[in-house]
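S.K.: The following comprises the amino acid sequence and a computationally predicted model.
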Amino acid sequence: MDEQTARREIVRVGKLMYERSYVVSSDGNISVRLDDGRIVATPTQVSKGRMNEEMLAVTDMDGKPLTDKRASSELAMHLLIYREREDARSVCHAHPPHGSAFAVAGLAIDQPILSEVILTLGCVPLAEYGTPSTDELTEAMRPLVKHHNALLMANHGAVAFGADVWQAFDRLETLEHTAKIAILARALGGAQNLSPDAIEKLIDVRERAGYLDERARCQSCGYLHETKITCPTGERNDERRGDAARTSATNATTNGAGKISLTRDELVELLSQAAQLGK
Ligand SMILES: [Zn+2]
């Protein structure tokens with residue numbers, strides 16, 4: 001993408017993010033990686049609803065400013081994503097209320113409740129808390145970036161990325177919409193999860209249609225463990241860190257209708273804990 005197009009599209013997405021209440025005040029930031037490797041990014045301390053093309057900053061891949069405009073202090077998060085994901089050409093970070101409610105509650109968006117979401121986004125893990133604009137935050141995100149297309153950041157907000165600014169925005173929008181539906185379903189007595197068989201079929205469809213490739217099989221969501229979908233890189237278990245495990249423990253009790261489902265690993269752990277108590 002050329003610089004002028006990137007500037008125009010970032011301003012359009014910024015207006016949408018503001019109008020949809022994904023950000024307030026000067027929250028959030030958007031960037032695009034140009035074909036020549038330079039980064040066009042939203043400036044610091046400007047409302048995303050009131051930007052114009054001239055306000056945007058341009059940096060190199062190390063975040064060094066190439067003009068007199070200063071990029072957002074959260075640019076480090078964008079640069080991490082560009083480094084870890086060659087395919088990522090745009091990053092959108094915001095604080096959408098429903099997605100951020102999950103992040104504040106310490107929950108990932110990783111329940112298999114909506115077929116479209118399994119097809120186009122996959123699960124959204126929760127990165128541990130890290131102070132914004134420091135290495136703490138980027139280190140918490142790093143292990144999750146490779147296999148996911150959107151992340152929640154504990155007690156902070158959400159970030160999504162894609163092949164262009166519209167795919168990044170669409171993924172952010174799907175994240176927020178899914179979080180909203182999950183919260184509403186809970187008020188109606190809880191969502192019914194899709195079965196492992198239905199999930200396997202959806203993953204087959206998404207790979208054949210090219211919505212998501214095999215790397216998404218390595219995502220850190222509990223429901224992939226219940227299917228016969230194997231992770232081609234063998235990295236799935238490494239990513240099940242404390243926060244993911246905690247979320248899947250929550251899953252075990254939230255399936256509605258008094259039903260409790262556990263993955264095999266969770267069952268084995270529970271039984272071995274019970275055996276310890278009996279000693
Ligand atoms: Zn933020």
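M.R.: On my side now, so go ahead.
S.K.: Just the helices from the stretch 151-279 of the chain, written as ranges.
M.R.: Under the criterion DSSP state H, counting those that start in this stretch, helices of the stretch 151-279 of the chain are mapped to 165-187, 196-209, 222-226, 236-239, 242-251, 264-278.
S.K.: Any regions of this protein where pLDDT drops low?
M.R.: 236-265, 276-279 (pLDDT under 70).
S.K.: quick one: the strands in it?
M.R.: Ranges of strands within the chain are 29-33, 39-41, 57-59, 90-94, 126-127, 150-153, 157-162, based on DSSP state E.
S.K.: Gly222 and Asp62: what is the separation?
M.R.: Per CB to CB, to the nearest Å, Gly222 is found 37 Å from Asp62. For the C-beta atoms, the positions are set from N, CA and C on the backbone; glycine is no exception.
S.K.: which of these two has more neighbours?
M.R.: Per other CB atoms under 10 Å, whichever of Gly222 and Asp62 has more neighbours is Gly222, with 25 against 7.
S.K.: wouldn't the more buried one be in contact with Asp110 here?
M.R.: Yes - checked against CB atoms under 8 Å, the pair Gly222 and Asp110 is within contact range at 6.4 Å.
S.K.: In contact with the closest residue to Arg171 other than its chain neighbours: list those residues for me.
M.R.: Spatially, and ignoring its direct neighbours in sequence, Arg171 is nearest to Ala160 (3.8 Å; CB to CB, 6 or more residues apart in numbering). By CB atoms under 8 Å, 6 or more residues apart in numbering, Ala160 lies in contact with 91-92, 149-151, 168-169, 171-172, 175.
S.K.: Give me the distance between Ala160 and Asp110.
M.R.: Ala160 is 15 Å from Asp110, by CB to CB.
S.K.: mind listing what's buried in stretch 67-75?
M.R.: 69, 71-72, 74-75 (16 or more other CB atoms under 10 Å).
S.K.: CSV please, covering these and showing distance to Arg217.
M.R.: Shown next, in CSV, are the buried residues of stretch 67-75 (distance: CB to CB, whole Å):
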residue, distance to Arg217
Lys69, 41
Ala71, 34
Ser72, 33
Glu74, 30
Leu75, 31
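S.K.: among those residues, which two are most distant?
M.R.: Lys69 and Glu74 (15.3 Å; CB to CB).
S.K.: Is it possible to get CSV of the contacts of Ala160 that adds distance to Glu84 and neighbour count?
M.R.: Shown next, in CSV, are the contacts of Ala160 (distance: CB to CB, whole Å; neighbours: other CB atoms under 10 Å):
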residue, distance to Glu84, neighbour count
Val91, 11, 28
Cys92, 16, 33
Asn149, 12, 27
Ala150, 14, 25
Leu151, 11, 25
Ala168, 15, 27
Phe169, 20, 24
Arg171, 16, 23
Leu172, 18, 32
Leu175, 19, 27
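S.K.: Can you tell me which of these is closest to Gly99?
M.R.: Leu175 (5.1 Å).
S.K.: in terms of contact, does the closest one touch Gly157 like I think?
M.R.: No - in this structure Leu175 lies outside contact range of Gly157 using CB under 8 Å: 10.3 Å.
S.K.: For the two, list the residues in contact with both.
M.R.: 96, 99.
S.K.: and the closest residue to Ala158 other than its chain neighbours, what is it in contact with?
M.R.: What sits nearest to Ala158 in space, not counting adjacent residues and going by CB to CB, 6+ apart, is Gly99, at 4.4 Å. Shown in contact with Gly99 (CB under 8 Å, 6+ apart): 109, 124, 152, 157-158, 175-176, 179.
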